[in-house]
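Q: mind folding the following:
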Amino acid sequence: MEAKQVAIVILAAGHARRFGSDKLMADLDGGPLGICAARNLADIPAAAHFAVCQPGAAIAPFYADFGYSIVENPNADLGLSSSLHRAVDAAAKTKAQALLIVLADMPFLVAAHINALIAACDYDIIASVDGGQSMPPAIFPRSTWPLLLDTKGDAGARQILAQARYLAAPIGSLRDIDTPDDLTASKSLPLGIDHAL
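A: As a prediction, the model looks like this:
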């Protein structure tokens with residue numbers, strides 16, 4: 001598949017309860033943690049770039065600055081699945097033939113891996129893997145979007161991804177930030193920002 005056939009969606013409406021504050025606005029190398037993945041993927045010539053945020057989220061203007069359309073999720077209390085539903089609704093209004101789901105708290109994602117997911121996409125769901133379980137980023141062909149709309153609660157697409165094809169990501173690039181300790185540890189690591197397309 002080509003990038004122009006794909007809608008890229010950053011899910012950024014979580015409550016970050018384990019972090020204890022606005023995780024996505026926490027400083028990482030001089031900027032908000034939540035913008036790292038979005039910044040790295042902004043130059044991919046996708047059909048659309050969306051960011052699903054809570055209404056009034058402080059991070060939303062940063063996504064807009066990188067060309068992402070903001071999709072508000074006023075039902076974030078219902079869990080990750082509510083953001084997946086919003087993502088599908090937004091993508092369905094475009095001509096995109098696939099939806100690529102990215103989590104905002106993964107600051108080390110590299111564009112090369114996202115491009116590889118897009119290139120590998122045909123009729124199957126493809127997840128990422130880094131030596132363990134399948135996880136986002138993951139790409140969903142349009143024919144599979146009803147599966148995302150059927151998800152409930154905070155598990156999101158976990159069960160779907162467990163049965164998906166997978167593509168290995170660069171070691172360490174799928175690290176996420178859940179706690180302040182995760183953030184502290186990550187500040188000693190290089191960001192995986194790769195604008196090579």
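Q: make it CA atoms for all contacts and neighbour counts henceforth
A: Will do.
Q: assign T144 to helix, strand or coil.
A: For T144, the assignment made with DSSP: H, G, I helix; E, B strand; the rest coil gives helix.
Q: gap between stretch 143-161 and the chain center?
A: Between the mean C-alpha point of stretch 143-161 and the mean C-alpha point of its chain there is a distance of 14 Å (CA atoms, centre = their mean, to the nearest Å).
Q: lowest-confidence helix or strand of the protein?
A: Scoring the helices and strands of the chain by mean pLDDT, DSSP states H and E places helix 180-186 at the bottom, with a mean of 74.
Q: and that helix, what other elements does it pack with?
A: If contacts are counted by 3 or more CA pairs under 8 Å, 6 or more residues apart in numbering; DSSP states H and E, helix 180-186 sits against no helix or strand.
Q: tell me which residues of that helix come out buried.
A: If you call a residue buried by 16 or more other CA atoms under 10 Å, then helix 180-186 has these buried ones: L183, S186.
Q: can you show me the CA trace of that helix as CSV?
A: What follows is helix 180-186, C-alpha atoms only, in CSV (Å, rounded to 0.1, in the frame of the first residue of the first chain):
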residue,chain,number,x,y,z
PRO,A,180,7.6,9.4,35.9
ASP,A,181,10.3,6.8,36.4
ASP,A,182,9.9,5.7,32.8
LEU,A,183,10.3,9.3,31.7
THR,A,184,13.4,9.8,33.8
ALA,A,185,15.0,6.6,32.4
SER,A,186,14.1,7.7,28.9
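Q: roughly how far is that helix from the heart of the chain?
A: If you compare the mean C-alpha spot of helix 180-186 with that of the full chain, they lie 20 Å apart, counting by CA atoms, centre = their mean.
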